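Trainee: Coordinates for the following, if possible.
(chains A, B, C and D)
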Number of protein chains: 2
Amino acid sequence: MTSNQIKESARNHFSENGYDGTSMSQIADDVGIKKQSIYTHFKDKDKLFLEVCKDVFADELSFVMNFIDSNKTRPIEDFLFDFLLQYKERYAKNNSTKFWLRISFFPPTHLYEQAMKYVYEYLDKLEELFVPVIGKSMSEGEISSIIGAERATAAFLGVLDGVFVEMLYGGSERLQKRLDASWYLFWRGLSND
Amino acid sequence: MTSNQIKESARNHFSENGYDGTSMSQIADDVGIKKQSIYTHFKDKDKLFLEVCKDVFADELSFVMNFIDSNKTRPIEDFLFDFLLQYKERYAKNNSTKFWLRISFFPPTHLYEQAMKYVYEYLDKLEELFVPVIGKSMSEGEISSIIGAERATAAFLGVLDGVFVEMLYGGSERLQKRLDASWYLFWRGLSND
DNA sequence: ATCACCCTTCCGAACGTTCGTCAGTATATA
DNA sequence: TATATACTGACGAACGTTCGGAAGGGTGAT
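Mentor: Next up, the predicted model:
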């Protein structure tokens, strides 16, 4: 299906160069068609972009839900740390995450609201999914319960974003250093005395 | 001086809409001149952008150095937390920081190296400035010295980036929540037992 | 098996617009 | 008179988009 090839190429270009930095001809060249042919599949550039948004949103969310579902019985320390690791790995080989970060931080101005709807939905869902997991590990005494599940979750998502940022910079030894340090202090803060 | 007006307007537009999303005519309109007149002051768009980069880099760096210099004798807890607060405040009213975040995360592709030179210089300097401050507070027993000054600094800069990210999303109650949570757990991890 | 028909997909050509940039000229200041 | 600044006008290039038509496959009637 050409539509999917177009969306995939679009995702790659958008994630590397943003909305304005990506032209319809670049996408078309990738697929091996002329730019006019894209309009057979998508009404216009905005619509294409928003469809990619929707797909990526679904991708990211299903990754998270999938991870939680298949790891929720593990010790919370492994669970959280592995989540960071897997997201890091995912970013390295998967353009969805790169695209996602780009539009989360700097969506194209004229599509701000429509793009951010997905972003906020993702962020809310992320919190909604993590709070009960962390809450459970508190009530079971794995980690200190003085902190509160909501606060611990918020801080963990902060660590996640800090790692994301370092991924954007590109240096892998830098990234490793931040991951180690952030996790070390986060976990130290979370632990029972 | 018109040059400065041009740079200021350019900084605003670049920070809001990025390099590609900003046109010379928008900048010129802001200043009240024709776009061609910009070329009296700057060779081309790239040169203008890079000059803004340089200025902003200097701005950000001098903010940090200034803060450190006038706060380094305070307790480390106040010192670090106030740094987060002041950067938050700075972001709200100062377009330098917004521009800085944008080009740090997603510099224009064809200027990647030249822009990232500033970014890396900033990041290195930031670490270089914080390590001794945190190290000193460790040797004085304010915080646990098992952690190591480098690791504590790396984690703190992670917290900072996590806060930056939440600033980009725009919601102020979200930002407050993250700031509180991230700081709470970071400080809990940093404290002596 | 053939024909006519439709529908999907793609392309050539062109549209109007905007972009960054250059050359030449006017105006004001010193 | 020299210099700095801003102007008018125009340029080629790239952009997103539209239109008309060509090629192909599928379907149903003959």
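
Trainee: doesn't residue A:13 make contact with residue A:26?
Mentor: Yes - using C-beta atoms under 8 Å, residue A:26 makes contact with residue A:13 at a distance of 5.6 Å. Just so you know, the C-beta spots here come from the backbone N, C-alpha and C atoms, and that holds for glycine as well.

Trainee: any idea how far the residue nearest the centre of chain A is from residue A:54?
Mentor: With distances taken as C-alpha atoms, centre = their mean, chain A has residue A:97 as the residue nearest its mean C-alpha position (4.8 Å). If you measure residue A:97 against residue A:54 using C-beta to C-beta, to the nearest Å, the figure is 16 Å.

Trainee: And for residue A:42?
Mentor: Counting by C-beta to C-beta, the gap from residue A:42 to residue A:54 is 12 Å.

Trainee: try residue A:85
Mentor: Distance, residue A:85 to residue A:54, using C-beta to C-beta: 27 Å.

Trainee: ok, now residue A:6?
Mentor: Going from residue A:6 to residue A:54 by C-beta to C-beta gives 14 Å.

Trainee: If you count surrounding residues, which of those two has more?
Mentor: More crowded of residue A:6 and residue A:54, by other C-beta atoms under 10 Å in any protein chain shown: residue A:6, with 24 against 13.

Trainee: before we move on, which element is residue A:143 in?
Mentor: Element membership for residue A:143, per DSSP states H and E: none, as it lies in no helix or strand.

Trainee: okay, now it: neighbour count?
Mentor: Using other C-beta under 10 Å, residue A:143 has 20 neighbouring residues.

Trainee: With residue A:15 instead?
Mentor: Using other C-beta under 10 Å, residue A:15 has 22 neighbouring residues.

Trainee: Where does it sit: helix, strand or coil?
Mentor: helix (DSSP: H, G, I helix; E, B strand; the rest coil).

Trainee: got the contact list for it?
Mentor: Applying C-beta atoms under 8 Å, 6 or more residues apart in numbering or on different chains, we find residue A:15 in contact with A:95, A:98, A:99, A:102.

Trainee: who wins for most neighbours among those?
Mentor: In terms of neighbours by other C-beta under 10 Å, the contacts of residue A:15 top out with residue A:99 at 25 neighbours.

Trainee: Go ahead and confirm that one touches residue A:10.
Mentor: No - using C-beta under 8 Å, residue A:99 is not in contact with residue A:10; the gap is 9.2 Å.

Trainee: now stretch A:104-122: how far from the chain's centre is it?
Mentor: Mean-position distance between stretch A:104-122 and its chain equals 13 Å (C-alpha atoms, centre = their mean, to the nearest Å).
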